[in-house]
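Peer 1: below is the structure, and that's it, no one-letter string:
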């Protein structure tokens, strides 16, 4: 609710175009189902598309270029706040986590970076889901050791009444033998379903989109 009010104020005072959505997903792990609700607000400002997501897990704010390149990612949770910024060449982190200072940088070497699956799904959608989409999954608490991952298109299907693309997401190269999962996404890059665990040694989960409402 606070995010919607803020977005409305910005729109009225600054005339900034915005889109606000409420997204509901269900997550089922070992027979237990949890429903997650988040509010997503998009505002175009200063040449970037800003997305703010507020959920029961925390608040994130990202700024991307029109081409989809991530420049800013902020994450706030009870553990602290992390701010990641990139000029397209070097990624830097600042903030705190559980009372400890976060500070460091990473040479991206031309690679795409993210902290969640939403961003690479949208980049891949912009490419028309052709070829494969490699990216780096980074952690603000361990920026020096990113995880190389890759998205690969497998098939086009109909799921829950939606036309979707089935994708495989996994570790790069031979490491894919140790972990991979399935993702179903619409042509816009909106994730409809995720099936698999969240990393080696974790239980399998099924995350499904229940609804998106304006």
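Peer 2: Everything's here; your move. This is a predicted model, so every value here is computed, not measured.

Peer 1: tell me the SS of residue 119?
Peer 2: helix (DSSP: H, G, I helix; E, B strand; the rest coil).

Peer 1: that one: neighbour count?
Peer 2: 21 (other Cβ atoms under 10 Å). For the C-beta atoms, the positions are set from N, CA and C on the backbone; glycine is no exception.

Peer 1: doesn't residue 62 make contact with it?
Peer 2: Yes - with contacts counted by Cβ atoms under 8 Å, residue 119 reaches residue 62, the gap being 7.2 Å.

Peer 1: which neighbours do those two have in common?
Peer 2: Residues touching both residue 119 and residue 62 by Cβ atoms under 8 Å, 6 or more residues apart in numbering: residue 70.

Peer 1: now do stretch 127-137: everything it contacts.
Peer 2: 108, 111-115, 119-120, 123-124, 146-153, 165, 167, 172, 187.

Peer 1: okay, helices next: where are they in this structure?
Peer 2: For the chain, the helices defined by DSSP state H cover 2-14, 118-126.

Peer 1: least confident of those, on average?
Peer 2: Ranked by mean pLDDT, these bottom out at helix 2-14, with a mean of 44.

Peer 1: just the buried subset of the contacts of stretch 127-137, please.
Peer 2: 108, 112-115, 119-120, 123-124, 146, 149-153, 165, 167 (16 or more other Cβ atoms under 10 Å).

Peer 1: tell me the buried residues in stretch 50-62?
Peer 2: 50, 51, 52, 53, 54, 59, 60, 61, 62.

Peer 1: which residues touch residue 149?
Peer 2: Going by Cβ under 8 Å, 6+ apart, the list of residues near residue 149 reads 120, 134, 135, 136, 137, 169, 170, 171, 172.

Peer 1: narrow those residues to those in strands?
Peer 2: 134, 135, 136, 137, 169, 170, 171 (DSSP state E).

Peer 1: any regions of the protein where pLDDT drops low?
Peer 2: Under the criterion pLDDT under 70, the flagged ranges of the chain are 1-18.

Peer 1: switch to 50 and redo it
Peer 2: Applying pLDDT under 50 to the chain flags residues 1-17.

Peer 1: any idea how far residue 180 is from residue 174?
Peer 2: 12 Å (Cβ to Cβ, to the nearest Å).

Peer 1: comparing those two, which shows the higher neighbour count?
Peer 2: Neighbour comparison, residue 174 and residue 180: the larger count goes to residue 180, with 16 against 7 (by other Cβ under 10 Å).

Peer 1: bridged to the nearest residue to the more buried one once chain neighbours are set aside, which residues?
Peer 2: Once flanking residues are discounted, residue 180 sits nearest to residue 170: 3.2 Å by Cβ to Cβ, 6 or more residues apart in numbering. In this entry, residue 170 is beta-bridged to residue 150, residue 180, by DSSP bridges.

Peer 1: neighbours around the closest residue to residue 209 other than its chain neighbours, how many?
Peer 2: Of all residues not flanking residue 209 in the chain, residue 192 sits nearest, at 4.8 Å (Cβ to Cβ, 6+ apart). Using other Cβ under 10 Å, residue 192 is surrounded by 19 other residues.
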